[in-house]
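K.L.:
After the sequence you'll find the predicted model.
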Amino acid sequence: MGLRRPRLPAALLMSVATVCWCACAPSETAESLHDSAVRAFREGALDAALATADRGLTLEDGEDATEGALQLLRAEILLQRPDPDLASAALETAHVTSPRLRARREYLRARLLALRRELDEAARALDEASTLAEAAGADDVAVDIRTLQGEILFRLRRPAEAEAALTEGRAIAERSGYEFGLAGTLMNLGMVRTARGRFDEALPYFERVLAMDTLGSTTRYAAALSNAAMSYARLGEFARAVAAQERAVQLHERGQARRFLEQALGELGSTHLLRGSYDEGIPYLQRALDMATGETPSPDAALWAGNLASAYIELEQWDEAERHTREMERLAGTPRTEPLRILNLAKIAEGRGQDAAAARLYDDSLEAGRDDPAAQWPAEAGLGRLAFRSGRTADANRHFERALDVIERTRSDLLQTDYRVSLLTRLIRFYREYVDVLLEQGRVEQALLVTDSSRARVLAERHGMTTSGRVTAADIRRAARRLDAVIVSYWLGPERSLAWVADAAGVHVEVLPGAPVIEALVEAHQDQLVTALADVARVPNSPGEQLYAAVVAPIAKWLPQTDVRLVIVGDGALNRLNFETLPVPGLEPRYLIEDALIARAPSLAVLAGPATDRAERRSGERVLLVGDAEAVDPAFPALQFASAEISAISRLYADAATVVRGPAASPAAYLAAGAETYDIIHFAAHATANMESPLDSAVVLSQGASGYKLYARDIAEQQLSADLVTVSACRSAGERTYSGEGLVGFAWAFMRAGARRVVAGLWDVDDRSTAQLMGDMYAQLATGDTPALALRHAKLAMLARGGVTAKPYYWGPFELFIGASVTP
């Protein structure tokens, strides 16, 4: 889309909260009024703060230092409005006598110079202020000086010096306990990273400010909300971004800091655009633009105009798009906005069918944004579309490959796994576009490889693949031959979906219904299984039967008649479906599990990746059993059958089993148990899936020193070598589906940590049936069966016994996930 975010100035370290400042009480003093004015100022009530400071100056009981402090505070409030002329006059007339106040006056003079964009003069004033503050031992002033120094140095394109100044200010604030100043340094350190496009690195700084409870009513807290939301949005975490930004807007609307409200409105509107809600985003962006072009023009006015143009481009309202793009140009945007302006004009020309003009503009955008990946890949994709439309397929493929390379390189640089996983959500349209172009050329295998490049990149990197490497079609065929299985890779799209079928002989593709149809059927099927507890194989024309017709029947001609072994790479809603539970059409009711052995894989890149450097070991050499925890939270009562489950499994492995159970089964005990040395790790415990942040999903254990939840993020950072990890717990495979990574939860975390196979559940299950199924599975493992065979045997045994537990609700939640170079 080409959206841009503003570089927030030091002033954005403020935001707004409602404060009601009443008339003077009889006991008021100049000093108490100074303190009240500071609170009002920090909470964004600028009029109240100014009135309170003025009232303090009318009292005669104040000392010279208090009078000087009130005069300087008055000047600072005027700077914040901003009213530079009145602020300058206030600074000139301020009566300061102490070294501390002289240091603060020089600091405020530097702020005035920075507001007037006299940055070199401001930097010199800060050097003088720093000398005065050090001589006075004024740590709070020193912190504010370092914060402003960092912002000015960054604007002067001296990022290393800026970071050094901010880091020094942070250290002084932490040492002196100046929490409000510490928040300022943290916010600016975060903004330095966002300006470099390192949003994952910026988030911990903003989130630390949000953890400061004492700042909850201050403008800095609201600004931290806005900045964290900006990072969430750029990393694809749109739900978190919108929630934070809406809170920030509510705070800002109750105050008088118009600049902060403008920023919050613009960010919220931009986030709606990034998530595809263009009609919702336009009103917020228009309000931001109106404020930015008011009496006090904002440097981000061009950005809001450009983002409005992007929204109208998506809505194919070309005249409105061009009007706002021209407005962006009129507002004299900074060099940062130039690639966006040109990119918008290119898209408008393309939309109007002016291909020659569009091509020239895309080339210009590449040049203007040569250091900006967010400008590079859309321009390359645009050139690819134009080339394909004109029949130049070789040129089209080259441009699409360049765009894909930029996307993969940029994404691989991100560090925090939560946000790296989400990033491709806002890029998925490009992948669909490129896949369609390849299929129109008949390049079936290449199209499959492109779809897979959007999946499970984190897992691929964990299994030894380079960050930009992709497997070949030959790699996939070899994997199918090694697995003695048919590999099916799904790809859901708005209008049509696709299923690639790969075996040792070749790769084929079939067209399926669009994602909305499949998503509705998955939801209806899951509702019958989990809510109605239906035996869906005996329900005529059930959603499950329709789902089989939609996603399995089209590929049936590529499957063997008997001994069917499938490895499925899902996409979107299909990651919430256990294919084993689909009813197979025929005279006798039956489920797909009765016809096929099925395993899941996160991506072809992981499945076909290189062999690990350790030999496969026979399951059962060493077993770690954890669970039967003491209830800590009423939401997670003690599991009635967990003890029996653990006992049954431990008897099978005797001395090879290590059991951590009851009060001892804490997260710390698991982390200290040496899990990396075990072949099998089994949890008999509750689990909770966090839909907003999957790596905050947790196994619920007994209370320990660090709490009672074993978080997926801690698991993911281990170095496991287990052949099998089982989590016989509620919703342990996770509940969130990402466009790029598939289902994320405990299965993902354990595989990222190095486990070869993971058995995990998709929904809440009955305790008694789980204990029975797990006992059967491990009994089969002990006889030498592979995990896939053992799990299928246990499920079929439950089906064969009949009765209530033959329904798929009881055996259907558990799936086997496999990683690189293993046999299911």
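P.N.:
Yep, it's here.
K.L.:
contacts, neighbours, all on C-alpha from now
P.N.:
Noted.
K.L.:
Tell me the buried residues in the helix ranked longest in the chain?
P.N.:
The residue-count maximum for a helix in the chain (DSSP state H) belongs to helix 393-412. Neighbour counts using 16 or more other C-alpha atoms under 10 Å place 393, 395-404, 406-408, 410-411 of helix 393-412 among the buried residues.
K.L.:
what's the closest of the residues you listed to residue 234?
P.N.:
residue 411 (11.5 Å; C-alpha to C-alpha).
K.L.:
Bridged to residue 661, which residues?
P.N.:
Here residue 661 sits in beta bridges with residue 627, going by DSSP bridges.
K.L.:
Quickly note the distance from it to residue 188.
P.N.:
46 Å (C-alpha to C-alpha, to the nearest Å).
K.L.:
counting contacts, what elements does the helix or strand harbouring residue 544 pack onto?
P.N.:
Using DSSP states H and E, residue 544 sits in helix 543-551. Here helix 543-551 touches strand 507-513, helix 515-526, strand 583-584, going by 3 or more C-alpha pairs under 8 Å, 6 or more residues apart in numbering; DSSP states H and E.
K.L.:
Would you mind listing where the stretch 301-450 of the chain has pLDDT under the threshold?
P.N.:
Low-confidence segments of the stretch 301-450 of the chain, defined by pLDDT under 70: 332-334, 336, 411-426.
K.L.:
Show me the helices in it, by range?
P.N.:
301-314, 318-330, 338-351, 355-368, 373-389, 393-412, 417-422, 428-440, 444-453 (DSSP state H, counting those that start in this stretch).
K.L.:
just the stretch 51-200 of the chain next, same as before
P.N.:
If DSSP H, counting those that start in this stretch is used as the criterion, the helices of the stretch 51-200 of the chain fall at 64-80, 84-93, 99-115, 119-136, 139-155, 159-176, 179-195, 199-210.
K.L.:
Put together CSV for those, with distance to residue 474 and mean neighbour count on each row.
P.N.:
Listed next are the helices of the stretch 51-200 of the chain as CSV, based on distance: least, C-alpha to C-alpha, whole Å; neighbours: other C-alpha atoms under 10 Å:
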stretch, distance to residue 474, mean neighbour count
helix 64-80, 63, 23
helix 84-93, 68, 16
helix 99-115, 60, 24
helix 119-136, 59, 19
helix 139-155, 49, 25
helix 159-176, 46, 19
helix 179-195, 40, 25
helix 199-210, 35, 22
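K.L.:
between the ones you listed, which gets nearest to residue 324?
P.N.:
Closest approach to residue 324 among the helices of the stretch 51-200 of the chain is made by helix 179-195 (24.3 Å; C-alpha to C-alpha).
K.L.:
if we can go back for a sec, out of the helices and strands packed on helix 543-551, the one nearest residue 279 is which?
P.N.:
Closest to residue 279 of the helices and strands packed on helix 543-551 is helix 515-526 (C-alpha to C-alpha; 20.8 Å).
K.L.:
any idea how far residue 489 is from the closest residue to residue 438 other than its chain neighbours?
P.N.:
Take residue 438 and drop its neighbours on the chain: the residue closest to it by C-alpha to C-alpha, 6 or more residues apart in numbering is residue 447, 5.6 Å away. Using C-alpha to C-alpha, residue 447 is found at 11 Å from residue 489.
K.L.:
what sits up against stretch 373-383?
P.N.:
With contact meaning C-alpha atoms under 8 Å, 6 or more residues apart in numbering, stretch 373-383 is reached by 1-2, 339-340, 343, 347, 359, 362-363, 365-366, 369-370, 396, 399-400, 402-404, 406-407, 410, 430.
K.L.:
tell me which element residue 703 falls in.
P.N.:
strand 698-704.
K.L.:
And that strand, what's buried?
P.N.:
By 16+ other C-alpha under 10 Å, the buried positions in strand 698-704 come out as 698, 699, 700, 701, 702, 703.
K.L.:
Adding distance to residue 478, write those residues out as a markdown table.
P.N.:
Below are the buried residues of strand 698-704 laid out as a markdown table (distance: C-alpha to C-alpha, whole Å):
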| residue | distance to residue 478 |
| --- | --- |
| 698 | 36 |
| 699 | 36 |
| 700 | 40 |
| 701 | 42 |
| 702 | 45 |
| 703 | 47 |
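K.L.:
Which two among these are spaced furthest apart?
P.N.:
Spatial extent of the buried residues of strand 698-704 (C-alpha to C-alpha) is set by the pair 698 and 703 at 13.3 Å.
K.L.:
shared neighbours, those two?
P.N.:
Residues touching both residue 698 and residue 703 (C-alpha under 8 Å, 6+ apart): none.
K.L.:
doesn't residue 121 make contact with residue 113?
P.N.:
Yes: using C-alpha atoms under 8 Å, residue 113 makes contact with residue 121 at a distance of 6.7 Å.
K.L.:
quick revisit: which of the helices and strands packed on helix 543-551 sits most buried?
P.N.:
Highest mean neighbour count of these: strand 583-584, a mean of 25 (counted as mean count of other C-alpha atoms under 10 Å).
K.L.:
mean confidence score for that one?
P.N.:
Strand 583-584 shows an average pLDDT of 97 in the prediction.
K.L.:
got the contact list for it?
P.N.:
Applying C-alpha under 8 Å, 6+ apart, the set of residues contacting strand 583-584 from outside is 536, 537, 544, 545, 548, 589, 590, 591, 592.
K.L.:
Just the buried residues from those, in ChimeraX please.
P.N.:
ChimeraX command restricting the contacts of strand 583-584 to the buried ones, with burial defined by 16+ other C-alpha under 10 Å:
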select :536,537,544,545,548,590,591,592
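K.L.:
got TSV for the contacts of strand 583-584, with distance to residue 575 too?
P.N.:
Output for the contacts of strand 583-584, formatted as TSV (distance: C-alpha to C-alpha, whole Å):
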residue	distance to residue 575
536	19
537	21
544	15
545	18
548	15
589	25
590	22
591	18
592	17
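K.L.:
State the distance from residue 28 to residue 56.
P.N.:
Taking C-alpha to C-alpha, one finds residue 28 at 9 Å from residue 56.
K.L.:
do residue 579 as well
P.N.:
According to C-alpha to C-alpha, residue 579 stands 73 Å off from residue 56.
K.L.:
Buried ones in stretch 214-233, by neighbour count?
P.N.:
Across stretch 214-233, burial judged by 16+ other C-alpha under 10 Å covers 215, 217-233.
K.L.:
no no, stretch 346-363
P.N.:
346, 347, 348, 349, 350, 351, 355, 358, 359, 361, 362, 363.
K.L.:
Determine which two of the residues you listed are furthest apart.
P.N.:
Taking C-alpha to C-alpha as the measure, those span a maximum distance of 16.6 Å, between 351 and 363.
K.L.:
Include distance to residue 809 when you put the helices and strands packed on helix 543-551 into a markdown table, please.
P.N.:
Below are the helices and strands packed on helix 543-551 laid out as a markdown table (distance: least, C-alpha to C-alpha, whole Å):
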| stretch | distance to residue 809 |
| --- | --- |
| strand 507-513 | 26 |
| helix 515-526 | 9 |
| strand 583-584 | 13 |
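K.L.:
Which one of these lies nearest to residue 326?
P.N.:
Closest among the helices and strands packed on helix 543-551, using C-alpha to C-alpha: helix 515-526, at 37.4 Å.
K.L.:
List the contacts of that closest one.
P.N.:
Residues outside helix 515-526 that contact it (C-alpha under 8 Å, 6+ apart): 492-497, 542-544, 546-547, 550, 573-574, 576-577.
K.L.:
In ChimeraX, how would I select the buried members of those residues?
P.N.:
Here is the ChimeraX command that picks out the buried ones among the contacts of helix 515-526, judged by 16+ other C-alpha under 10 Å:
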select :492,493,497,542,543,544,546,547,550,573,574,576,577
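K.L.:
out of the contacts of helix 515-526, who's nearest residue 717?
P.N.:
Using C-alpha to C-alpha, residue 576 comes nearest to residue 717 of the contacts of helix 515-526, at 25.1 Å.
K.L.:
Surely the closest one is in contact with residue 763?
P.N.:
No: the pair residue 576 and residue 763 does not pass the contact test of C-alpha under 8 Å, sitting 9.3 Å apart.
K.L.:
helices and strands around the one helix or strand residue 772 maps to, which ones?
P.N.:
Assigned by DSSP H and E, residue 772 belongs to helix 767-782. Judged by 3+ C-alpha pairs under 8 Å, 6+ apart, the packing partners of helix 767-782 are helix 642-653, helix 787-801, helix 808-811.
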